[in-house]
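A.B. asks: Just a sequence and a predicted model for now, questions to come.
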Amino acid sequence: MDTITTPRLHIRPMVRSDFRALQSLYGEPELMKFITGKARGPLETRARLMKDLAHHRDHGFGLCIVEWRDTGEVIGRCGLEPRRRRNGMEGELAWMFAQPWWGRGLATAAGAALIPFGLVELALERVFATADHRNQASIRVMQKLAMTLVSSGDDQVEYEVCASSPGVMPLQA
């Protein structure tokens, strides 16, 4: 996977030297509240980084580092996590931004670049995202991305966009 560039962001594959930036993100309890329920320590962060590196090696895509385009500062992580399903490979859209970057539409911008990348470039049949019911900000992002609600359980919701859906067109970041 090459770097994806939007007017404000660089979305690039992770490398081993991203450990410190990831630990800064994953070590924040507020950022991890709806993901793991608690901050990650260095061992958990390193294990997650190794998993993400393996996804890129084995599938050609996975979670990425997000840099602010103007400065190169690491401001978050996002991407499409490979998910093997009975009908083939799908991508789970995920995002996380450092708190100072919240409320700027960056998750929507990243998703708007990643959905067509997944459906067109990777030829995935489906890109989906899940969120805890309490995470209204993430649910709004999915709705802004014109994703369709496919399930709503006791704890989480799932939205999707499929390559075969009528009217699916590349989104603009």
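C.D. replies: On my side now, so go ahead. Numbers count the residues shown, from 1 in each chain.

A.B. asks: okay, CA-based contacts and neighbour counts for the rest of this
C.D. replies: OK.

A.B. asks: Tell me how many other residues surround Gly118.
C.D. replies: Using other C-alpha atoms under 10 Å, Gly118 has 23 other residues around it.

A.B. asks: The nearest residue to it once chain neighbours are set aside in helix, strand or coil?
C.D. replies: With sequence-adjacent residues excluded and distances taken as C-alpha to C-alpha, 6 or more residues apart in numbering, Gly118 is closest to Leu124, at 5.7 Å. The three-state label given to Leu124 by DSSP: H, G, I helix; E, B strand; the rest coil is coil.

A.B. asks: tell me the contacts of Leu124?
C.D. replies: Applying C-alpha atoms under 8 Å, 6 or more residues apart in numbering, we find Leu124 in contact with 89-91, 118, 163.

A.B. asks: between the residues you listed, which has the most around it?
C.D. replies: Counting neighbours by other C-alpha under 10 Å, Gly91 leads the contacts of Leu124 with 25 neighbours.

A.B. asks: so what's that one up against?
C.D. replies: 80-83, 118, 124, 126-128.

A.B. asks: That one bridge partners, please.
C.D. replies: Pro82, Val127 (DSSP bridges).

A.B. asks: okay, it: pLDDT?
C.D. replies: pLDDT, Gly91: 97.

A.B. asks: can you check Arg104 too?
C.D. replies: Note for Arg104: predicted pLDDT of 95.

A.B. asks: Which residues does the helix or strand of the chain with the lowest mean pLDDT contact?
C.D. replies: Sorted by mean pLDDT, DSSP states H and E, the helices and strands of the chain end with helix 29-32, the least confident at a mean of 88. Residues outside helix 29-32 that contact it (C-alpha under 8 Å, 6+ apart): 25-26, 37-40, 96-99.
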